[in-house]
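In: Could you look at this predicted model? Sequence included:
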Amino acid sequence: MAENGTVALTIDGVELTVPAGARLMEAAERAGVVVPRYCYHPGIPSAPAQCRICLVEIEGQPKLQPSCVTVVQDGMVVHTASEDAKLARRSVIEFLLLNHPLDCPICDAAGQCMLQDYALETRQLQTRLNEEKQVMGRDRIADDILYFADRCIICTRCVRFMRDVADDDSLIVARRGHKAYIDTFPGKDLDNPFQGNIVDVCPVGALVHEDFLFKARAWDLDKTPGVCPGCSTGCNVTVDVKENQIVRLKPRFNPDVNSYWMCDYGRKHLVMSNRGVRAEVPLVREGDRLVPVDWSRALGWVRGRIEALAGEGTAQGGAATGSALVSPRASNESLFYLRRLLDRMGVDGGSFHVETGDTASLPGFPKLQLRAERVPNATGARSLGYSPLEGGVAGADGGPLVVLEDSLHGVPPKFGEGASFFLYIGSRIPAAARKADAIFPVTTFAEMDGSFTNFEGRVQRFHQALTPPGIARPAWMVLSRLLEELGEGRAVLGARDAFAELAAGTDPFAGLEWDRLGARGALLQQPVGMGASG
């Protein structure tokens with residue numbers, strides 16, 4: 001009986017109440033039943049009932065019905081696993097396998113292919129076809145996207161994503177019947193900043209990224225939840241790693257941020273950022289050389305220099321102000337502990353540079369944008385008292401200079417030479433950093449746990465996906481240890497403890513808890529300016 005806009009029905013013996021207008025497939029999931037599907041995708045508005053594998057039996061109706069388009073009705077009794085429904089699914093699988101190539105051993109989708117899964121589940125592993133399979137070959141339908149027509153089951157997810165979500169009619173289904181294939185519309189090229197999502201929605205191995213081709217099998221990959229660092233949107237992603245290298249990035253569902261999607265810029269940015277020569281051990285200056293030392297000696301050496309600077313400032317009636325340059329790619333926790341170190345050193349403020357670029361939006365989910373602000377944590381930096389740079393990068397004014405994870409690109413030739421003490425903290429060592437008195441090697445965000453704050457002030461966790469090189473450690477861990485050496489609090493060894501210190505020590509993050517951030521994140525406790533993110 002319908003009540004307050006709801007409908008009561010029974011699915012596989014389970015009585016439940018769902019919102020009126022819901023599809024049977026969605027209602028079944030509330031009952032803990034996953035109905036097989038190919039053409040249906042929860043993020044794509046249209047459902048053509050084309051694959052026919054989601055057929056279910058409804059009492060009182062003479063034929064099986066596609067659950068992806070059938071709307072629930074009051075009193076409906078549904079059987080998703082009746083003998084007729086199972087027979088229909090086996091028939092669909094057999095039909096799809098008629099011309100499907102037996103190339104699972106070389107297909108990139110092996111191990112994560114819905115056709116494999118349902119063929120195994122239905123036990124429809126043999127064919128009655130005696131004729132030769134149709135061969136259609138492969139094509140490049142976009143930059144970095146290959147289309148294997150033999151594997152395609154014409155579910156049309158890719159076409160409908162481009163049309164209904166990206167508002168781009170570049171993709172079409174060409175020809176009909178067993179000769180149908182996916183192609184670009186005559187005279188049009190597939191060139192969309194979100195086109196990589198068609199590979200994500202493909203239920204088989206018909207669409208693949210060329211840069212991932214033959215690189216790894218699904219069961220070889222270690223998957224870690226993360227946050228895309230490509231811009232200030234902060235898309236939720238899954239980082240796929242093989243042999244301590246990021247080989248692929250996939251969007252991870254978050255209805256508050258990016259839904260099921262992500263842009264191609266972010267997808268490629270993280271994979272490329274995984275490369276290059278890294279800083280692996282602490283370095284301290286001895287004369288005109290930087291020499292490698294262990295962490296104990298490096299921290300003690302830097303502590304001595306900071307204490308000496310404080311003593312000199314007291315003797316002279318006040319030390320030079322000094323300056324700090326931070327990267328908005330650093331985590332909230334790292335920026336917080338640097339803020340405490342700067343306060344201890346008497347350095348006011350601190351600035352950061354924001355990389356910018358062109359914007360792009362996804363019409364079907366307008367909240368998801370490739371934003372002009374090409375860094376993940378500018379909002380976190382602002383919330384912790386750092387300011388965007390106005391004009392060029394300056395050095396120090398005779399006081400101490402601290403740099404956190406900034407690449408120092410475009411700094412003047414004499415950057416850092418006027419500083420009384422120059423501490424560089426980073427994952428790589430740019431040329432300008434070789435003038436530093438001490439260098440602390442720290443991890444990239446993919447090598448540690450931490451959090452970013454996106455354009456709207458949503459704090460989101462990311463987790464360690466890679467093993468760091470050498471003895472590099474998270475910046476928040478190194479800085480908390482240095483502060484402990486200086487008698488300012490205690491060192492923390494875990495991101496949960498670091499975040500707790502951050503929440504307790506700052507007003508914007510007050511009341512937030514690491515565990516309660518969950519998979520969707522949580523908003524800061526005060527309004528956030530949009531800044532360059534638009």
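Out: In hand now; what should we look at? Numbering: from 1, shown residues only.

In: contacting residues around the residue nearest the centre of the chain?
Out: Compute the mean C-alpha point of the chain, and by CA atoms, centre = their mean the closest residue is Val237, 2.6 Å away. Residues counted as contacts of Val237 (CB atoms under 8 Å, 6 or more residues apart in numbering) are 225-228, 249-252, 262, 266, 270. (C-beta placed from N, C-alpha, C; glycine too.)

In: For this structure, name the helix or strand with the lowest mean pLDDT.
Out: Lowest mean confidence among the helices and strands of the chain (mean pLDDT, DSSP states H and E): helix 264-273, at a mean of 82.

In: got a list of contacts for that helix?
Out: Under the criterion CB under 8 Å, 6+ apart, residues 193-196, 211, 228-231, 235, 237, 239, 246-249, 357, 370, 444, 446 lie in contact with helix 264-273.

In: Buried residues in it, which are they?
Out: For helix 264-273, burial by neighbour count (16 or more other CB atoms under 10 Å) applies to 264-271, 273.

In: Please enumerate the strands of the stretch 101-250 of the chain.
Out: For the stretch 101-250 of the chain, the strands defined by DSSP state E, counting those that start in this stretch occupy 138-142, 145-148, 171-174, 181-184, 207-209, 222-227, 236-242, 245-251.

In: Make CSV out of the ones you listed and add distance to Glu29 and mean pLDDT.
Out: Formatted as CSV, the strands of the stretch 101-250 of the chain follow (distance: least, CB to CB, whole Å; pLDDT from 0 to 100):
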stretch, distance to Glu29, mean pLDDT
strand 138-142, 32, 92
strand 145-148, 30, 96
strand 171-174, 28, 95
strand 181-184, 28, 95
strand 207-209, 25, 96
strand 222-227, 22, 96
strand 236-242, 20, 96
strand 245-251, 20, 93
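
In: Export these as TSV, with columns for distance to Glu488.
Out: Listed next are the strands of the stretch 101-250 of the chain as TSV, based on distance: least, CB to CB, whole Å:
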stretch	distance to Glu488
strand 138-142	53
strand 145-148	52
strand 171-174	58
strand 181-184	60
strand 207-209	47
strand 222-227	29
strand 236-242	34
strand 245-251	35
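
In: Which one, of the ones you listed, ends up nearest to Pro48?
Out: Between Pro48 and the strands of the stretch 101-250 of the chain, the shortest gap by CB to CB is with strand 171-174, which sits at 10.6 Å.

In: other SSEs contacting the closest one?
Out: Strand 171-174 sits against helix 157-160, strand 181-184, with contacts defined as 3 or more CB pairs under 8 Å, 6 or more residues apart in numbering; DSSP states H and E.

In: Name every strand pairing with that strand and say which way it goes.
Out: Within its sheet, and counting by DSSP bridges, strand 171-174 is paired with strand 181-184 (antiparallel).

In: Show me the contact partners of the partner strand.
Out: Residues outside strand 181-184 that contact it (CB under 8 Å, 6+ apart) are 136, 139, 141-142, 147, 149, 152, 154, 158-159, 170-175, 190, 206.

In: 7 Å - rerun?
Out: The contact list for strand 181-184 (CB atoms under 7 Å, 6 or more residues apart in numbering) reads 136, 141, 147, 149, 152, 158-159, 170-175, 190.

In: what about this protein, any weak spots by pLDDT?
Out: 1-3, 272-275, 313-320, 391-397, 526-534 (pLDDT under 70).

In: So what's the gap between the helix ranked longest in the chain and the chain middle?
Out: Longest helix in the chain, counting residues (DSSP state H): helix 295-315. Counting by CA atoms, centre = their mean, to the nearest Å, helix 295-315 is centred 39 Å from the centre of its parent chain.

In: For that helix, list every residue counted as buried.
Out: Under the neighbour-count criterion of 16+ other CB under 10 Å, helix 295-315 has 295, 298-299, 301-303, 305-306, 309-310, 313 buried.

In: still on that earlier bit, ok, and which of the helices and strands packed on strand 171-174 has the densest surroundings?
Out: When the helices and strands packed on strand 171-174 are scored by mean count of other CB atoms under 10 Å, the highest mean neighbour count falls to helix 157-160 (a mean of 24).

In: so which of the helices and strands packed on strand 171-174 gets nearest Pro469?
Out: Among the helices and strands packed on strand 171-174, helix 157-160 comes nearest to Pro469, with 38.5 Å by CB to CB.

In: Can you name the residues in contact with the closest one?
Out: Identification of contacts with helix 157-160 by CB under 7 Å, 6+ apart yields 39, 41, 44, 46, 171-173, 182, 198, 201-203, 207.

In: And that helix, how far out from the chain middle?
Out: On the basis of CA atoms, centre = their mean, helix 157-160 sits 22 Å off its chain's mean C-alpha point.

In: which residues of the stretch 251-400 of the chain fall in strands?
Out: Going by DSSP E, counting those that start in this stretch, the stretch 251-400 of the chain shows strands at 283-286, 289-292, 323-326, 351-352, 360-361, 369-370, 387-388, 400-404.

In: how far out from the middle of the chain is the first one?
Out: By that I understand strand 283-286. 37 Å.

In: In PDB, list the C-alpha atoms belonging to stretch 67-83.
Out: Extracted C-alpha coordinates of stretch 67-83, given in PDB (Å, rounded to 0.1, in the frame of the first residue of the first chain):
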ATOM      1  CA  SER A  67      13.900  -4.700 -14.300                       C
ATOM      2  CA  CYS A  68      16.000  -1.700 -15.500                       C
ATOM      3  CA  VAL A  69      13.000   0.200 -16.900                       C
ATOM      4  CA  THR A  70      10.000  -1.400 -15.100                       C
ATOM      5  CA  VAL A  71       8.600   1.000 -12.500                       C
ATOM      6  CA  VAL A  72       7.600  -0.500  -9.100                       C
ATOM      7  CA  GLN A  73       3.900  -0.800  -8.400                       C
ATOM      8  CA  ASP A  74       2.100  -1.300  -5.100                       C
ATOM      9  CA  GLY A  75       1.600  -4.900  -4.200                       C
ATOM     10  CA  MET A  76       4.000  -6.200  -6.900                       C
ATOM     11  CA  VAL A  77       5.500  -9.600  -6.300                       C
ATOM     12  CA  VAL A  78       8.800 -10.200  -8.100                       C
ATOM     13  CA  HIS A  79      11.000 -13.200  -8.600                       C
ATOM     14  CA  THR A  80      14.500 -12.400  -9.800                       C
ATOM     15  CA  ALA A  81      15.800 -16.000  -9.700                       C
ATOM     16  CA  SER A  82      12.900 -18.000 -11.000                       C
ATOM     17  CA  GLU A  83      13.600 -20.800 -13.500                       C
END
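
In: which parts of it are buried?
Out: Residues 67-70, 72, 76, 78-80, 82 are the ones in stretch 67-83 that count as buried (16+ other CB under 10 Å).

In: thinking again about what came up before, what's the closest of the helices and strands packed on strand 171-174 to Phe365?
Out: helix 157-160 (14.1 Å).

In: then that closest one to CSV, C-alphas only?
Out: This file holds the C-alpha atoms of helix 157-160, laid out as CSV (Å, rounded to 0.1, in the frame of the first residue of the first chain):
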residue,chain,number,x,y,z
ARG,A,157,26.7,2.7,-22.3
CYS,A,158,29.5,4.7,-24.0
VAL,A,159,27.2,6.3,-26.5
ARG,A,160,24.6,7.2,-23.8
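
In: Burial check on the closest residue to Leu55 other than its chain neighbours, number of neighbours?
Out: Leaving aside its chain neighbours, Leu55 sits nearest to Leu64 (4.0 Å; criterion: CB to CB, 6 or more residues apart in numbering). Neighbour count of Leu64, defined by other CB atoms under 10 Å: 19.

In: pretty sure Leu64 is in contact with Val56, am I right?
Out: Yes: using CB atoms under 7 Å, Leu64 is in contact with Val56, at 6.5 Å.

In: coming back round to it: so which of the strands of the stretch 251-400 of the chain is the most packed in?
Out: Mean neighbour count (mean count of other CB under 10 Å) peaks for strand 400-404 among the strands of the stretch 251-400 of the chain, with a mean of 26.
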